[in-house]
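Asks: structure here, sequence nowhere to be found:
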């Protein structure tokens with residue numbers, strides 16, 4: 001791979017994604033005015049096996065939850081409150097098809113998608129959840145089964161870096177046709193259990209005729225969340241095909257520009273579903289603040 005394809009913002013590095021852990025955990029969430037629906041609470045009082053609290057008995061409490069030791073010591077009836085166990089599983093879906101490998105400012109859209117997913121993934125594992133990966137390229141699909149803790153996130157990062165390198169090489173070799181996104185998502189529901197969430201970071205180019213139906217099918221037992229990676233500078237350009245010369249001298253044409261100029265906003269609709277809009281030209285700190293607001297970490301109840 002030549003030097004141009006190894007430049008920051010073009011290539012994806014393991015160290016950079018690992019360093020996003022600090023950014024993810026230090027970002028302060030802005031007030032959520034129009035964020036994506038969701039959020040999880042891992043520590044909710046309910047039926048479970050782990051004791052969350054102890055309090056005095058009141059009329060109507062289940063006597064099966066009486067705590068004999070505390071009752072004997074205090075001389076008053078005490079009951080245990082239990083903590084409901086919840087397993088948060090998140091599948092990060094990275095779109096590394098050829099259309100994602102361009103950008104006019106800080107980074108390629110593909111790099112911005114990987115950064116956004118890494119920020120989300122670090123928040124998930126730090127709050128006790130598990131993360132997996134489905135990375136889509138023109139040639140193959142890279143899958144990392146869900147795992148928890150730092151080890152799980154490192155596996156996901158390794159998978160993203162591998163898939164991004166594959167996609168970048170394919171783009172440089174002139175493989176510029178995007179396979180439909182709906183086909184790439186056809187087996188996503190088999191990778192995670194019911195109740196899991198799927199975070200799809202994409203430019204949603206070449207969505208395929210069945211993408212809306214695929215998202216509806218996923219939503220029956222899982223929670224799909226959409227992250228739309230854009231380049232706001234490109235949206236201000238006149239619509240058309242622009243010639244681009246590659247480092248080896250070959251020329252390709254990219255379709256850029258919007259039909260009409262309009263403010264992007266942070267939340268827009270894709271296939272009738274809310275999507276968080278992230279600009280590839282923003283800094284990772286700006287991206288992190290938007291993500292924390294739209295994807296709140298699990299909080300203690």
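Replies: That came through fine. Note that this is a predicted model, so its numbers are computed, not measured.
Asks: any regions of this protein where pLDDT drops low?
Replies: Within the chain, the segments meeting pLDDT under 70 span 1-4, 28-52, 82-86, 233-240, 242, 244-265, 296-301.
Asks: any idea which helix is longest in it?
Replies: helix 149-172 (DSSP state H).
Asks: name the residue most distant from the centre of the chain?
Replies: residue 75 (51.6 Å; C-alpha atoms, centre = their mean).
Asks: look up how far residue 56 lies from that residue.
Replies: 11 Å (C-beta to C-beta, to the nearest Å). Bear in mind the C-beta positions are built from the backbone N, C-alpha and C, glycine included.
Asks: same question, residue 131
Replies: From residue 131 to residue 56 the distance is 41 Å (C-beta to C-beta).
Asks: quick one, which of these two is more surrounded?
Replies: For residue 131 and residue 56, the more surrounded residue by other C-beta atoms under 10 Å is residue 131, and the numbers stand at 30 against 12.
Asks: check which helices and strands whichever strand or helix holds the more buried one is in contact with.
Replies: Secondary-structure assignment from DSSP states H and E places residue 131 in strand 130-136. The contact analysis (3 or more C-beta pairs under 8 Å, 6 or more residues apart in numbering; DSSP states H and E) places strand 130-136 against strand 89-95, helix 109-126, strand 141-148, helix 149-172, helix 181-184.
Asks: got the buried residues for the fourth one?
Replies: Going back to what we said before, that points to helix 149-172. Across helix 149-172, burial judged by 16 or more other C-beta atoms under 10 Å covers 152-153, 155-157, 159-168, 170-172.
Asks: what about the helices in the stretch 201-301 of the chain?
Replies: Taking DSSP state H, counting those that start in this stretch, the helices of the stretch 201-301 of the chain run over residues 211-219, 232-235, 284-294.
Asks: residue 198 is nearest to which of those helices?
Replies: Across these, residue 198 has its closest neighbour in helix 211-219 (6.2 Å, C-beta to C-beta).
Asks: what angle do the closest one and strand 89-95 make?
Replies: Computed by axes from the mean of the first three to the mean of the last three C-alpha atoms, to 10 degrees, the angle separating helix 211-219 from strand 89-95 equals 160 degrees.
Asks: picking that back up, may I see the helices of the stretch 201-301 of the chain organised as TSV, with distance to residue 91 and mean neighbour count added?
Replies: Shown next, in TSV, are these (distance: least, C-beta to C-beta, whole Å; neighbours: other C-beta atoms under 10 Å):
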stretch	distance to residue 91	mean neighbour count
helix 211-219	10	17
helix 232-235	28	17
helix 284-294	16	21
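Asks: tell me, how many neighbours does residue 283 end up with?
Replies: 12.
Asks: ok, and the closest non-adjacent residue to it?
Replies: residue 106 (7.2 Å; C-beta to C-beta, 6 or more residues apart in numbering).
Asks: gap between the longest helix of the chain and the chain center?
Replies: Its chain's average C-alpha position is 14 Å from that of helix 149-172, according to C-alpha atoms, centre = their mean, to the nearest Å.
Asks: could you give the angle of it to helix 109-126?
Replies: Using the same axes, to 10 degrees: helix 149-172 against helix 109-126 is 170 degrees.
Asks: helix 149-172 packs against which elements?
Replies: With contacts taken as 3+ C-beta pairs under 8 Å, 6+ apart, helix 149-172 sits against helix 14-26, strand 89-95, helix 109-126, strand 130-136, strand 141-148.
Asks: and the second one, how far out from the chain middle?
Replies: Here strand 89-95 shows a centroid-to-chain-centroid distance of 6 Å under the convention C-alpha atoms, centre = their mean.
Asks: tell me the strands beside it, with direction?
Replies: strand 130-136 (parallel), strand 197-202 (parallel) (DSSP bridges).
Asks: which outside residues touch it?
Replies: Here strand 89-95 makes contact (C-beta atoms under 8 Å, 6 or more residues apart in numbering) with 110, 113-114, 117, 120-121, 124, 129-136, 146, 156, 160, 163-164, 181, 184-185, 188, 191-193, 195-203, 229.
Asks: just the buried ones among those residues, please.
Replies: Looks like the contacts of strand 89-95 have 110, 113-114, 117, 120-121, 124, 129-136, 146, 156, 160, 163-164, 181, 184-185, 188, 191-192, 196-203, 229 buried, using 16+ other C-beta under 10 Å.
Asks: follow-up on the earlier one: could the strands paired with strand 89-95 be laid out in JSON lines, adding distance to residue 61?
Replies: Below are those laid out as JSON lines (distance: least, C-beta to C-beta, whole Å):
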{"stretch": "strand 130-136", "distance to residue 61": "34"}
{"stretch": "strand 197-202", "distance to residue 61": "34"}
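Asks: many thanks, have a good one.
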